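# Here is the input, now give the coordinates:
(one chain, ligands or ions: 1)
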Amino acid sequence: MTASNVLDVIVIGAGQAALTTAYFLRRTSMSYLLLDEQSGPGGAWLHAWESLRLFSPAAWSSIAGWPMPAPAEPGNPTRDDVIDYLRHYEDRYRFPVQRPVHVDAISRLGDLWRVRAGNRQWLARAVISATGTWGKPFVPDWQGRADFRGQQVHSAHYHDPAPFAGKRVMVVGGGNSGAQILAEVSQVSETRWIAQEPPAFLPDDVDGRVLFERATERWKAQQEGRSIDEPVGGFGDIVMVPPVREARERGVLVAERPFVRFTETGVEWADGRREDLDAVIWCTGFRPALDHLGELGIIEADGKVQVEETRVVKQPNLWLVGYGDWTGMASATLIGVTRTARSTVDQVAQALGATPQQRP
Ligand code: FAD
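Numbering: from 1, shown residues only. Next up is the predicted model:
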């Protein structure tokens with residue numbers, strides 16, 4: 001193993017959270033490097049399903065510095081628009097990104113961090129982890145799940161409805177992924193939609209912007225020590241994008257409460273009724289992808305890490321960016337991550353005694 005020169009900062013990941021962080025690092029005197037396991041730019045968006053459209057217009061889906069260009073087609077940006085945007089963003093600022101590099105672990109070496117990937121290693125004074133959640137799809141531990149002989153796929157690995165044509169499919173999960181996947185799968189197959197709680201639908205004339213406005217209002221109130229009348233709902237509320245509205249018109253957007261258990265061929269309901277199924281699509285969310293921090297003993301039972309803002313409490317000079325509200329309000333969204341990335345870089349500069357960001 002050879003150690004290269006010591007860097008000030010290593011950022012793990014090169015998705016939107018890492019790139020936004022790099023945007024602010026670039027404006028300081030600190031040396032930095034991004035390590036990302038993907039083969040090209042785009043982070044988790046590379047794996048999103050083909051028809052995915054953002055729930056907000058381009059102007060509300062931009063990261064720091066350079067706004068997302070308006071998409072060629074009318075409507076909100078597609079998955080490919082986001083990938084293009086992140087690719088151009090990375091080129092525009094010439095960020096130092098190495099790919100594909102899967103970071104296995106980080107550990108302390110005196111005052112430094114040692115970042116290991118296979119037989120390679122890097123040394124840095126600070127580490128910012130921005131590895132997102134895509135690598136950790138979450139599936140609830142449902143009774144009998146292992147016995148079910150049909151197909152099971154998580155939304156993390158769902159691409160398009162074609163493989164489900166003519167089948168009996170159950171979509172589990174009452175959020176935006178569940179609603180959007182149900183909307184397209186139900187066009188080619190017989191579907192059931194399962195949600196723990198009745199899904200919360202936003203009004204038709206409201207898009208994802210309202211979710212950001214709510215998050216911003218909550219954040220401002222928190223900063224000012226005010227309490228606010230908490231708006232009903234949160235980021236999980238379903239945005240009525242055109243395919244979801246169309247599914248409602250076809251009468252398929254009806255969520256049922258969960259079944260009791262899986263059988264070998266399907267599910268069993270509370271009244272003892274059994275139903276055969278060919279496939280289950282799990283739209284049940286993600287957990288933070290933090291395996292590379294496993295050796296540090298800082299991951300709590302819920303899969304999160306104790307942080308103050310974004311700084312890890314139990315280890316020196318380690319920050320987490322972009323994982324969700326627990327690492328910064330709305331930080332797991334394009335428009336929301338800027339505030340968190342900026343303040344994280346300010347903290348890192350201060351901790352390392354580096355020249356802080358030059359404000360424009
Ligand atoms: P990622 O994009 O996952 O980037 C992390 C990078 O780190 C990846 O390239 C990953 O491969 C890499 N990595 C992970 N582990 C390692 C490791 N050990 N070593 C090296 N590299 C590693 N947000 C919006 O703003 N608007 C929307 O409309 C919207 N719609 C969404 C729809 C869906 C279905 C989903 C799932 C999310 C949506 N989001 C939306 C949320 C959000 O923008 C994404 O989840 C976003 O991709 C998170 O960015 P990130 O940079 O934190 O993580």
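# For the protein, just list every one of the helices.
Across the chain, reading from the start of the chain, the helices by DSSP state H fall at 16-25, 79-92, 176-185, 209-223, 242-249, 337-352.
# Could you tell me the least trusted of those?
Set side by side, those show their lowest mean pLDDT on helix 209-223, which sits at a mean of 70.
# that older thread, and among the helices of the chain, the most buried is which?
Stretch with highest mean neighbour count among those: helix 16-25 (a mean of 28; mean count of other CB atoms under 10 Å). Any C-beta I mention is one placed from the backbone N, CA and C, and that applies to glycine too.
# Can you verify my assumption that residue 83 contacts residue 44?
No: counting by CB atoms under 8 Å, residue 83 stays clear of residue 44, with 10.2 Å between them.
# Any stretches of the protein with poor pLDDT?
Across the chain, residues meeting the criterion (pLDDT under 70) sit at 1-4, 208, 215, 218-220, 222-223, 226-235, 359-360.
# Residues of it that sit close to the ligand?
The chain has residues 12-18, 35-38, 43-45, 48, 52, 54-56, 61, 101-103, 130-132, 134-135, 177, 208, 289, 292, 322, 332-335 near the ligand, with proximity defined as CB under 6 Å from any ligand atom.
# Any of the residues you listed buried? List them.
When burial is judged by neighbour count using 16 or more other CB atoms under 10 Å, the buried members of the residues of the chain next to the ligand are 12-18, 35-38, 43-45, 48, 52, 54-56, 61, 101, 103, 130-132, 134-135, 177, 208, 289, 292, 322, 332-335.
# The residues you listed in strands, which ones?
Of those, the ones assigned to strands by DSSP state E are 12, 35.
# Pull the contacting residues for residue 160.
In this structure, residue 160 makes contact with 49-51, 184, judged by CB atoms under 8 Å, 6 or more residues apart in numbering.
# Can I have the buried ones of these as a ChimeraX selection?
For anyone working in ChimeraX, the buried entries among the contacts of residue 160, judged by 16+ other CB under 10 Å, can be selected with:
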select :49,184
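# need the contacts of residue 160 in a markdown table with distance to residue 116, can you?
Shown next, in a markdown table, are those (distance: CB to CB, whole Å):
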| residue | distance to residue 116 |
| --- | --- |
| 49 | 33 |
| 50 | 35 |
| 51 | 38 |
| 184 | 41 |
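# what's the most distant pair in the contacts of residue 160?
Using CB to CB, the two most remote members of the contacts of residue 160 are 50 and 184, lying 9.4 Å apart.
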